[in-house]
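Colleague: following is a predicted model, sequence given first.
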Amino acid sequence: MGRIPRDYLINRLITLVLTILIAATIIWIIPRLSPVDPAEIALGRMAAGAGSVANSEEILAQLRANMGIDQPLIVQYLKYISGALVFDFGLSTAAFPTPVSTLILNALPWTLGLMILSLLITFFIGNLLGALMVWERSPKLVKVAIPAAMVFTSIPPILSGLLLMWIFAAKLQWFPLTGAYSIFVEPGWNWAFVQSVISHGFLPALSIVVVTFGFWALGMRGLMIGVQGEDYVKLAEAKGLKPRYILYRYMIRNAILPQITAFALKIGLLIAGQVLVERIFAYNGMGKLLYDAILNQDFPVIQGVSYVIILITALSVFMVDLLYPFIDPRIRHETA
Amino acid sequence: MSNYSTDDNTAEAVSPAPLTRAEKRQARRIRRFDNPWLNPKLMWGGGLLLAIIALGIIGRLIWDLDLVFTGSSTLKLPPVGFENLRGQPGVWANPLGTDGGGRDMLALIIIGAPNTLFVGLLASLIGMSIGIFLGFSAGFLGGRTDDVIRVGADVMITIPPLLILVVFQSAFGDVTLTMMALLIAGFVWQSPTRLIRAQVLSMKQSGYVQMAQLSGASTTHIMFREMLPNLVPYLFGSFIASVTTSIVTAVGLEVLGLGPQRIPTLGRTIYEAINAGALIQNLWWWWGIPTLLLAVMFIGLLLINLGLDEVSNPRLRKLS
């Protein structure tokens, strides 16, 4: 581990901690500036369920005590921050008394699974296509077709999701319309369930893939232009190495590295886009949890989901930054 | 390949032999790139965005905007030339059909599309101004100021704006368009700040800036008269990128049912269509028309961005 200078590591750690702390603080402050009283929302929900509520003043006081909002702000804040560190966001008000962390834990694997899968596919396809756009020997068709297809990659995944959903789920009915798995199969490690998960996940993943691969392809195109004229490529050609071998082992390998940094900068937007895709597909992930929480004004869940997603983003960026010198030995982190 | 890789304006060489068509096209291309700002991508992109603005302006003049109110027309009418599931044909009174609340789609997009663009432009104008100011300060002043701004931008760049804004809007309820733009502006200043800071740092070393310093020019003169003009292509690129981010964020909020509740926006129309089950009912025009308009908007922005890339990075021009 000697490659990363200590100063750089400390610097990055401070940024990471600051990011998480600031995000958590913003999320905490905002609802407190709002005139809406969560205890009254909870009471309203009880009244809606029961028809009428007696002793509403006492119940309000009790609810406030339960939620901890009768204490001084600084105590609330410290409690919240220390809770957030161990993923304790209190109890959901809509699905009372389920802890928020349970809801998030149920949703998280779906989101992470979809995200990692679609990211890997886009990263692979995008970089390969970007490289082929520049490569001299790639077929004409590639050089014409890819830039044309790339125009659609500026579209956010929610729009492509709607279109794919309409064509393949509503019209052709090749894939199910919503959900992460069929309600008729038992969740578990059996073939029917796995099959159901795959067919439900295909369209959400595809709608992310079709609109994000262009980002990587564009970046890769720019990088490949830089690599194309390098001496080591000319030498490899002069040595008579197979062109395909030169493309993969000499050109792409050297050009791809800055793409990994781009990845770190892009990941926040990608996650936000995926949250929306999950919402329109009613996919059982964080996006649906967030959307349901917004509908029910369930603040602890909204806070928890936002916090966890920001945490995932910050941690991914941190890890990419630290892994970078291991992937690219030319990089030495300067202690600026 | 090599005969038009001239990065300066010395594209000479008209061969004495009569030109083939391919060569003519190539020659045209060279001349076109004499002014890099006139490249086709930039023109097309700008044209698409202008078309949307024109839709908003001309539409307001010739179309009855009262049709945007709920119940002003028959519900769920298809566009002209199509038939809905109930067998009703489209009528010319509502050429693009109506939504589930009987609102005219044409009136909806005449009001909604410019609104969406407005949020994006306003948010990134504010974000860019903050970014230019902070980026120049950080790069030029250095020291403590630089540290604070750099760490601030690094911290904020990893926080996805959508999620903070979701928390904000679900706590506060309804917002106006301008308010939403202001909120989004709080999340699009980071990348311009970083970009400008990096550029300023490298420019500070360049000859002409040191020359200006030696000749006693004031700091503001160097910043805004000497350095800023050289940053223009980057600034435009960064501006377009943040317009895209702002619109994506705004549409995201609207699709989650947040954002302005009373003003028609493209995102909110999509939200209502999904919630009403427009996909299953085959009411494709309800969600399809706003989706198409947004797609046109994003493609326009992308083309502008690619065009600007060619302006600032002449190496890319060879390949288009």
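Modeller: Cool, the structure landed. Numbers count the residues shown, from 1 in each chain, chains lettered A, B, ... in the order given.
Colleague: residues in the stretch 101-250 of chain A within reach of chain B, list them.
Modeller: A:133-134, A:147, A:151-156, A:158-159, A:162-163, A:165-166, A:169-170, A:177, A:218, A:221-222, A:225-226 (CB under 8 Å from any CB of the partner chain). Any C-beta I mention is one placed from the backbone N, CA and C, and that applies to glycine too.
Colleague: mark which of those are buried, thanks.
Modeller: A:133-134, A:147, A:151-156, A:158-159, A:162-163, A:165-166, A:169-170, A:177, A:218, A:221-222, A:225 (16 or more other CB atoms under 10 Å in any protein chain shown).
Colleague: break down the stretch 151-300 of chain A into its helices, ranges please.
Modeller: Under the criterion DSSP state H, counting those that start in this stretch, the stretch 151-300 of chain A carries helices at the ranges A:157-164, A:191-228, A:231-238, A:243-245, A:253-255, A:257-281, A:286-295, A:299-327.
Colleague: okay, now the nearest residue to residue A:202 once chain neighbours are set aside: neighbour count?
Modeller: Excluding the flanking residues, the one nearest residue A:202 by CB to CB, 6 or more residues apart in numbering or on different chains is residue A:175, at 5.8 Å. Applying other CB atoms under 10 Å in any protein chain shown, we find 19 residues neighbouring residue A:175.
Colleague: also residue A:227?
Modeller: Using other CB under 10 Å, residue A:227 is surrounded by 18 other residues.
Colleague: what's near enough to touch it?
Modeller: Taking CB atoms under 8 Å, 6 or more residues apart in numbering or on different chains, we find residue A:227 in contact with A:233, A:251, A:254, A:255.
Colleague: and the pLDDT for the last one?
Modeller: The model reports residue A:255 with a pLDDT of 80.
Colleague: wait, it sits on residue A:216?
Modeller: No - in terms of CB atoms under 8 Å, residue A:255 does not count as a neighbour of residue A:216; the distance is 11.6 Å.
Colleague: so how far is residue B:310 from residue A:266?
Modeller: Using CB to CB, to the nearest Å, residue A:266 is found at 22 Å from residue B:310.
Colleague: what do you get for residue B:103?
Modeller: 42 Å.
Colleague: give me the neighbour count for whatever residue of chain B ends up closest to chain A.
Modeller: The minimum distance from chain B to chain A, using CB to the nearest CB, falls at residue B:302 (3.4 Å). Around residue B:302 there are 24 other residues, counting by other CB under 10 Å.
Colleague: reformat the helices of the stretch 151-300 of chain A as JSON lines; add distance to residue A:57.
Modeller: Shown next, in JSON lines, are the helices of the stretch 151-300 of chain A (distance: least, CB to CB, whole Å):
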{"stretch": "helix A:157-164", "distance to residue A:57": "44"}
{"stretch": "helix A:191-228", "distance to residue A:57": "47"}
{"stretch": "helix A:231-238", "distance to residue A:57": "79"}
{"stretch": "helix A:243-245", "distance to residue A:57": "78"}
{"stretch": "helix A:253-255", "distance to residue A:57": "68"}
{"stretch": "helix A:257-281", "distance to residue A:57": "38"}
{"stretch": "helix A:286-295", "distance to residue A:57": "28"}
{"stretch": "helix A:299-327", "distance to residue A:57": "22"}
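Colleague: so which of these gets nearest residue A:18?
Modeller: Of all the helices of the stretch 151-300 of chain A, it is helix A:299-327 that lies closest to residue A:18, at 9.5 Å by CB to CB.
Colleague: buried residues in the helix or strand harbouring residue B:108, which are they?
Modeller: Element membership for residue B:108 (DSSP states H and E) is helix B:105-141. Within helix B:105-141, the residues that count as buried by 16+ other CB under 10 Å are B:105-128, B:130-132, B:134-140.
Colleague: could you do stretch A:191-207 as well?
Modeller: Within stretch A:191-207, the residues scored as buried using 16+ other CB under 10 Å are A:196, A:197, A:200, A:201, A:202, A:203, A:204, A:205, A:206, A:207.
Colleague: where are the low-confidence patches of chain B?
Modeller: Applying pLDDT under 70 to chain B flags the ranges B:1-19, B:26-34, B:313-320.
Colleague: now do the contacts for residue B:197.
Modeller: Taking CB under 8 Å, 6+ apart, one finds B:134, B:135, B:136, B:138, B:139, B:146, B:149, B:150, B:153 in contact with residue B:197.
Colleague: so it: helix, strand or coil?
Modeller: Here residue B:197 is recorded as helix under DSSP: H, G, I helix; E, B strand; the rest coil.
Colleague: and the pLDDT for the residue in the stretch 151-300 of chain A positioned nearest to chain B?
Modeller: With CB to the nearest CB as the measure, residue A:154 is the residue of the stretch 151-300 of chain A nearest to chain B, at 3.4 Å. With respect to pLDDT, residue A:154 scores 74.
Colleague: ok, now the one 3 residues further on?
Modeller: What the model reports for residue A:157 is a pLDDT of 84.
Colleague: also the one 3 residues further on?
Modeller: In the prediction, the pLDDT value recorded for residue A:160 is 84.
Colleague: for it, what are its contacts?
Modeller: Contacts of residue A:160 by CB under 8 Å, 6+ apart are A:152, A:207, A:210, A:211.
Colleague: and what of residue B:134?
Modeller: Residue B:134 neighbours (CB under 8 Å, 6+ apart): B:149, B:153, B:189, B:193, B:197.
Colleague: residue B:171: neighbour count?
Modeller: Residues near residue B:171, counting by other CB under 10 Å: 21.
Colleague: contacts only, for it.
Modeller: Here residue B:171 is in contact with A:30, A:31, A:33, A:34, A:36, A:299 (CB under 8 Å, 6+ apart).
Colleague: quick check: the first one vs residue A:228, distance?
Modeller: Pointing back at residue A:30 there. Distance from residue A:30 to residue A:228, by CB to CB: 49 Å.
Colleague: just give the nearest non-adjacent residue to residue 274, would you?
Modeller: Here I'm looking at chain A. For residue A:274, the closest residue by CB to CB, 6+ apart turns out to be residue A:115, at 5.7 Å.
Colleague: nope, chain B please
Modeller: Per CB to CB, 6+ apart, closest to residue B:274 is residue A:280, 5.8 Å.
Colleague: contacts only, for the one you found.
Modeller: By CB under 8 Å, 6+ apart, the neighbours of residue A:280 are A:158, A:161, A:162, A:165, B:255, B:274.
Colleague: what's the pLDDT at the fourth one?
Modeller: Meaning residue A:165. So residue A:165 comes in at 83 (pLDDT).
Colleague: verify the stated contact: it with residue A:277.
Modeller: No - at 9.8 Å, residue A:165 does not count as touching residue A:277 under the criterion of CB under 8 Å.
Colleague: which residues are common contacts for those two?
Modeller: Joint contacts of residue A:165 and residue A:277 (CB under 8 Å, 6+ apart) are residue A:207.
Colleague: quick check on residue A:91: phi, psi?
Modeller: Here is the backbone geometry of residue A:91 (degrees, to the nearest 10): phi -100, psi 150.
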